[in-house]
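J.: next come a sequence and a model predicted from it.
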Amino acid sequence: MFSSFRRRSSTGDAIPEADCLRSIAAGDRRALELLYRNYQPRLARFLSRFTRQEGLIEEVINDTFWVVWRKAHQYRGDARASTWIMGIAYRLAMKAFRDQDDLTRHESDEHLSTSLSHDPGTARELRDWIGKGLGLLPLDQQMTVELVYGQGHTVEEAAAIMDCPVGTAKSRLFHARVRLRNLLPDLAGEAMSANVDGGTR
Amino acid sequence: MSTDRNGYENEHHRVWELLPALVNGTADGEQTRRVERHLDQCADCRAELARERLMREALRLPAENAPDVELGLQSVSRRLDQVDRPRSSARSPRRMFPRVGGMTLVGVGLVELVALAALLIAGARLVGPAGNGSPAVYRTLSDTTTRGAAAVRLRLVFEGARPLGEFQSALLAQDLVVVDGPSEAGVWSLSFRNEGHDAESAAQALRRIPGVMFAEPVGLPGS
């Protein structure tokens, strides 16, 4: 049973996801649990951007792992395991959202313009800031931004996940970035410099 | 000068396109160095990089409404307990599982619909293939002792309240007969009249028929 399994992802150990999928294909529930623990938070983060319904988030996550369990033998290793898993989650999420018509849409532009004028200083404000900014984008652009920035995928991987040409994904990202640049306040100032400096420069 | 300016603009656009990869850590060494060289002379890109790093930070914050991991695992575990199929089989493991969350059929995915159907049907009487004389058996979904005795091979749900008669010819074309149903959820249980059919193939054929909301094989392991 899952309850008897060892928590591994919580320790921060790297999980060889492709190996996990191979084990899952062979019927190893422990491997599935391992993968679930590793992916549940990031999938929850991804899905929570598009719905507020915790039940729906759980439903999509669990369906994702149900499909992973069923289809793991189809994973051929020609893409990162995370891309394959996210592709499943993406398709299930899109279907669930269409069915539920529950996409988290935000307030009017007028309200947003006020909200967005505040610099996000805390986690909640930061979350609201990005959420409201993304909320003004078309869903496909939101998804692309989430996959690239939130989930750390390349544009090519995002295209694979969304099952669209790479050019389409690039275009979505381009337009999303332009739009967000105009929507979000300029945060390159001192208040945020502590968060953003120290990378490449 | 003009050439220099054009060169700068071109490089600016190329670097601007590279920023997401730099921000999410997928840029390679050469791309990173290229961006760094440009950033030294481009305030716009520095500002953009700062903004996008903050975006990434915001997008990587934990979800506020994240479901409980343990409860989710328990839910998945229950699904697997109920299907509990031998993984060495090459058959598709489309099976039934319970849904933990919502209670309605509206808006749920097909997999969930199957799950709910399974719950409604669980424990119901399952009979053998028509005409084969097999005795009726009873089983729960997790009961493995009766495997092979029952012969319900597909679950089927039609859209709306469409009558079964509309689909009889399609069922017969797949050599299928109704052995139970409809359940409260509108789920019909089907069996093959004769041996030798593949439930997955039949399900795929049924799914192509307008009015069929879902068709899922529930073939028992080894069947």
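T.: In hand now; what should we look at?

J.: check whether the residue of chain A found nearest chain B sits in a helix, strand or coil.
T.: Nearest residue of chain A to chain B, counting by C-beta to the nearest C-beta: A:G27, 2.6 Å away. Yep, even glycine has a C-beta here, placed from its N, CA and C like the rest. Secondary structure state of A:G27, per DSSP: H, G, I helix; E, B strand; the rest coil, is coil.

J.: now do A:M94, the pLDDT please.
T.: On pLDDT, A:M94 comes in at 88.

J.: A:L47 touches A:I61, doesn't it?
T.: Yes - A:L47 lies in contact with A:I61 (C-beta atoms under 8 Å); the separation is 7.1 Å.

J.: mutual contacts of the two, please.
T.: A:A89 (C-beta atoms under 8 Å, 6 or more residues apart in numbering or on different chains).

J.: tell me which of these two has more neighbours.
T.: A:L47 (30 against 27; other C-beta atoms under 10 Å in any protein chain shown).

J.: can you tell me the helix or strand for that one?
T.: Assigned by DSSP states H and E, A:L47 belongs to helix A:29-48.

J.: so which bits of that helix are buried?
T.: In terms of neighbour count (16 or more other C-beta atoms under 10 Å in any protein chain shown), helix A:29-48 has its buried residues at A:29, A:31-40, A:42-48.

J.: swap in stretch B:164-173?
T.: B:167, B:171.

J.: so where's chain A uncertain?
T.: A:1-15, A:100-121, A:185-201 (pLDDT under 70).

J.: domain assignment for it?
T.: Domain segmentation of chain A under automatic domain parsing yields A:7-75, A:105-187.

J.: ditto for chain B
T.: In the domain annotation for chain B, the residue ranges read B:2-59, B:94-217 (automatic domain parsing).

J.: out of these, which gets the lowest mean score?
T.: domain B:94-217 (a mean of 60).

J.: which residue packs closest to A:R91, ignoring adjacent ones?
T.: A:D163 (7.6 Å; C-beta to C-beta, 6 or more residues apart in numbering or on different chains).

J.: separation between that neighbour and A:L137?
T.: Distance, A:D163 to A:L137, by C-beta to C-beta, to the nearest Å: 19 Å.

J.: looking at those two, which is more packed in?
T.: Neighbour count, other C-beta under 10 Å: between A:D163 and A:L137, A:L137 has more, with 18 against 11.

J.: the more buried one contacts A:V178, doesn't it?
T.: No - contact criterion C-beta under 8 Å: A:L137 and A:V178 do not qualify, at 10.4 Å.

J.: can you list the residue ranges for helices in the chain?
T.: Went with chain A since none was named. A:17-25, A:29-48, A:54-71, A:81-100, A:109-115, A:123-135, A:139-145, A:155-162, A:166-183, A:190-196 (DSSP state H).

J.: hmm, no, I was thinking of chain B.
T.: Using DSSP H, helices in chain B cover B:2-24, B:29-39, B:43-59, B:69-83, B:110-121, B:168-173, B:199-207.

J.: other SSEs contacting the longest one?
T.: Packed against helix B:2-24 by the contact rule (3 or more C-beta pairs under 8 Å, 6 or more residues apart in numbering or on different chains; DSSP states H and E) you find helix A:166-183, helix B:29-39, helix B:43-59.

J.: and the longest one, anywhere near chain B?
T.: Yes - Helix A:166-183 comes into contact with chain B when judged by C-beta under 8 Å from any C-beta of the partner chain, the residues involved being A:170, A:173-174, A:177, A:180-181.

J.: top of these by neighbour count?
T.: Neighbour-wise, the residues of helix A:166-183 next to chain B (other C-beta under 10 Å) top out at A:R177, 23 neighbours.

J.: and it, how far from B:A66?
T.: When A:R177 is compared with B:A66 (using C-beta to C-beta), they lie 27 Å apart.

J.: swap in A:W129?
T.: Counting by C-beta to C-beta - A:W129 and B:A66 are separated by 19 Å.

J.: and the two? Which one has more around it.
T.: A:W129 (23 against 20).
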